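Asker: predicted structure and sequence below. I'll ask about it afterward.
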Protein chains: 2
Amino acid sequence: MNFFYKNTVLIDEKTLIQTSQKLNNYIDHLREVAKKNNYESDEASINLPFDEGLVKKIRSLKDKKIANNLKYLILIGIGGSNLGTKAIYDAIYGYYDVLEPQRFPKIIFLDTQDESVLTKTTSLINSLSSKDQVLVNAISKSGSTTETAANLEVVYDVLQNKFGDINDRIVITTDSGSKLQTAAEEKQIDVLIIPKKVGGRYSVFSAVGLFPLAVAGIDIDQLILGARNMRDFCLKKTTEDNPAVNSAIVLYLHNKQGKNINDNFIFLPQIESLGKWYRQLQGERIGKNGKGLTPTVSIGSTDLHSVGQLYLGGPRDKITTFIYADGLKEKILVRQKMIFNTVGAISGKSIQKIMDAITQGVKKAYQNQELPFTEIVFEDITEKTLGEFLQFKMIEIMFLGKLMDVNAFDQPQVELYKTETKKILS
Amino acid sequence: MNFFYKNTVLIDEKTLIQTSQKLNNYIDHLREVAKKNNYESDEASINLPFDEGLVKKIRSLKDKKIANNLKYLILIGIGGSNLGTKAIYDAIYGYYDVLEPQRFPKIIFLDTQDESVLTKTTSLINSLSSKDQVLVNAISKSGSTTETAANLEVVYDVLQNKFGDINDRIVITTDSGSKLQTAAEEKQIDVLIIPKKVGGRYSVFSAVGLFPLAVAGIDIDQLILGARNMRDFCLKKTTEDNPAVNSAIVLYLHNKQGKNINDNFIFLPQIESLGKWYRQLQGERIGKNGKGLTPTVSIGSTDLHSVGQLYLGGPRDKITTFIYADGLKEKILVRQKMIFNTVGAISGKSIQKIMDAITQGVKKAYQNQELPFTEIVFEDITEKTLGEFLQFKMIEIMFLGKLMDVNAFDQPQVELYKTETKKILS
């Protein structure tokens, strides 16, 4: 994964350098956190990929829980508890699930409250012949997330009605000391613990993400390797090339100049969920005290036929992050002598080359219109490059919080609707 | 479907009334278009649901093309050519496709250029035992959309390699006189024609949407019935209650006051694609001449755990449209004596009731924070209510274009990237 910005962000070099220097002290702090290699500071999440005991524990629980015939992992969790997992799963497998009806295990994501989804999940469970074909992983940091609690109670009921004792088919992931942990352990249900200081938004490399991903067949070693490598880059001094610093200062400076939207324009449809993971990360960590950018996710080339007109011809209120691949293998060619022959230029070209041409064409159009953008370029979509991206973005957001002078580790306004909801429910 | 706005948009009644009156002449024009009941004006799309010949033609082609064993409809199209179909299909079936592996026919949507998707589609086609199990509908208004042309050439090749003569398994939907029509007819491939004056964004009730939806088992009569009923409401004089007028003036007035984002916050996850359909409609029809709002789609309750913090605590730059259901049947209860018992308030409540409480809690929090919003309330998600929504929104956008003084029937800046792409490809 590479990050480019210099000639396309339309900010002079001097301003960029001066702004990046504001982060020097904070980089020192992060390096200190990394050196301590424990879970005692707000930024503790940066040490997760170096926790070898964690990986060992996850691998052993996985081996205990699943045999070759696992068909469905039901992941019950919402927000920070499922978006990172969904991002990686969708990129490698999930985006193609309807096209690959015979590939297993598949992850079923239960996040919000949805009776139609629960009805169909019930039918699916009832169609299984053995309880080994299903595993449930319920994830809630606090242990008291309403949607997760309700979905877990309902799914437990359905499984019990079908298979009897199913406590060995459940894994709970939560904070140490939560009510959920106590309830699970009373029933001899396996529990994975999230370090207290690792907030939900930064928890993808904890058991929250690693366990379900390992169960789904994702190579978590490579994922972690990507994260480790990227942490090195993102803790470099600002005088060197640090992608997280550079990305954060561009967002900060353009926001200061009045741009209130950060569009993440992704020319790799299988990572749309990765965009949504980033959207929650930026949205919840930076949007407070009247500050923040609204992160959006657009998919190329699909959205060129959707919001492309708005982006090129509408208000100049966006700083764009183009995310695409360069150098992907070309395997599928449009034949030379075409059958319908309606667009001459594609004859004999690969599908990948056509996509590359569209991506580069859009970038050129943005430059011609003087619309600012940065670029994140994947060499390929693999566990390793996805791990790099996740780590890059989590550290970028810590830097952006520092620059914008907001606490990137709390979410005070979320209580506003929760309080109202509680009043209505009781 | 009902639309509410009066007490929650934070605009005084006098301003609302004065603004709505600006649309009186245009309503007269639309009524004239409806009376003529032909396809000769820019607003021709409002007559589609009244075209009985069209429905007859679609039903007869459907009967000719499909038998009971159809498994996959491969829909090749992008933007206006697939988003409306995807919106309806996903709402009724597609959102649940992974949970219902045995339900057929399924629609496979090929829109952008994606070698991994084409590779897996090829495997899927090769796993079929008879060409009757698959039907291809390629849709391009101009007949020369790059992505659609390339995907069609590749899929045709794969089908031909597997099954030999497959011209009877293809249906082309395009403008009269396009190169695609000519090429198809040369091969005795069936062609459905889109009326010239019906632009892609407004084409969901033409053959573009109706044919694939009918093939997929959607009740297109009900869809059209919803659209017909809604047109009546949306052509009412502004002194009466006209949802399209009211919605357009709220968007217009808030945009004038500086809000540049229209968040569509949907508490019905199965209609996320409907949100994306609206996003393209608003984005491409209104975003021009430096004007326009950026339409976003958020999903409740999922995104309360994602961007909820930003929306409640960040910049006040949004006019929100809440979209939810009221009065859905309650079927699934959390048991009274709970198993984990981590959230007391949900004991014995239905999943639907919990979702309703969250929705109402969010609305209350927005009101407390003085964040303006309108409400679209579904009594249920059916073909009829979806048809109502589509028609409501298409007429709303015509009104919004008029108020914002932009042409809601062109997309001049889209050429900017197409020109650059062509240079690169040739």
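Answerer: Sure thing, it's come through. Keep in mind that this is a model prediction, so the values were computed, not measured.

Asker: please state the offset of stretch A:126-136 from the chain centre?
Answerer: 28 Å (C-alpha atoms, centre = their mean, to the nearest Å).

Asker: ends of it, how far apart?
Answerer: 15 Å (C-alpha to C-alpha, to the nearest Å).

Asker: from the stretch 151-300 of chain A, which residue is nearest to chain B?
Answerer: Using C-beta to the nearest C-beta, the single residue of the stretch 151-300 of chain A nearest to chain B is A:Gly287, 2.6 Å away. For every residue, glycine as well, the C-beta is placed using N, CA and C.

Asker: you'd agree that residue is up against B:Arg316?
Answerer: No: at 11.5 Å, A:Gly287 does not count as touching B:Arg316 under the criterion of C-beta atoms under 8 Å.

Asker: the two: which is more packed in?
Answerer: Higher neighbour count among A:Gly287 and B:Arg316: A:Gly287, with 26 against 12, using other C-beta atoms under 10 Å in any protein chain shown.

Asker: now do the more buried one against A:Gly401, distance only.
Answerer: 11 Å (C-beta to C-beta, to the nearest Å).

Asker: state the number of residues packed around A:Leu48.
Answerer: Neighbour tally, A:Leu48, other C-beta under 10 Å: 27.

Asker: what's near enough to touch it?
Answerer: Listed by C-beta atoms under 8 Å, 6 or more residues apart in numbering or on different chains, the contact set of A:Leu48 reads A:Leu54, A:Pro195, A:Val198, A:Phe205, A:Ser206, A:Ala227.

Asker: again with A:Tyr95
Answerer: The neighbours of A:Tyr95, taking C-beta under 8 Å, 6+ apart as the test, are A:Pro269, A:Gln270, A:Glu272, A:Ser273, B:Val117.

Asker: also A:Glu43?
Answerer: Neighbours of A:Glu43 in contact, by C-beta under 8 Å, 6+ apart: A:His29, A:Leu30, A:Val33, A:Met398.

Asker: what helices or strands is the lowest-mean-pLDDT helix or strand in chain A leaning on?
Answerer: For chain A, counting by mean pLDDT, DSSP states H and E, helix A:414-425 ranks last in confidence among helices and strands (a mean of 93). Packed against helix A:414-425 by the contact rule (3 or more C-beta pairs under 8 Å, 6 or more residues apart in numbering or on different chains; DSSP states H and E) you find helix B:308-313, helix B:351-368.

Asker: is the last one in proximity to chain A?
Answerer: Pointing back at helix B:351-368 there. Yes: applying C-beta under 8 Å from any C-beta of the partner chain, one finds helix B:351-368 touching chain A at B:Ile351, B:Gln352, B:Ile354, B:Met355, B:Ala357, B:Ile358, B:Gln360, B:Gly361, B:Val362, B:Lys364, B:Ala365, B:Asn368.

Asker: which of the residues you listed are buried?
Answerer: By neighbour count, with 16 or more other C-beta atoms under 10 Å in any protein chain shown, the residues of helix B:351-368 next to chain A hold B:Ile351, B:Gln352, B:Ile354, B:Met355, B:Ala357, B:Ile358, B:Gln360, B:Gly361, B:Val362, B:Lys364, B:Ala365 as buried.

Asker: quick one, helices of the stretch 1-150 of chain A?
Answerer: Applying DSSP state H, counting those that start in this stretch to the stretch 1-150 of chain A gives helices spanning A:13-21, A:24-36, A:52-65, A:83-92, A:115-126, A:146-163.

Asker: wait, which of those is closest to B:Tyr324?
Answerer: helix A:115-126 (13.8 Å; C-beta to C-beta).

Asker: tilt between the closest one and helix B:351-368?
Answerer: Going by axes from the mean of the first three to the mean of the last three C-alpha atoms, to 10 degrees, helix A:115-126 is angled at 150 degrees with respect to helix B:351-368.
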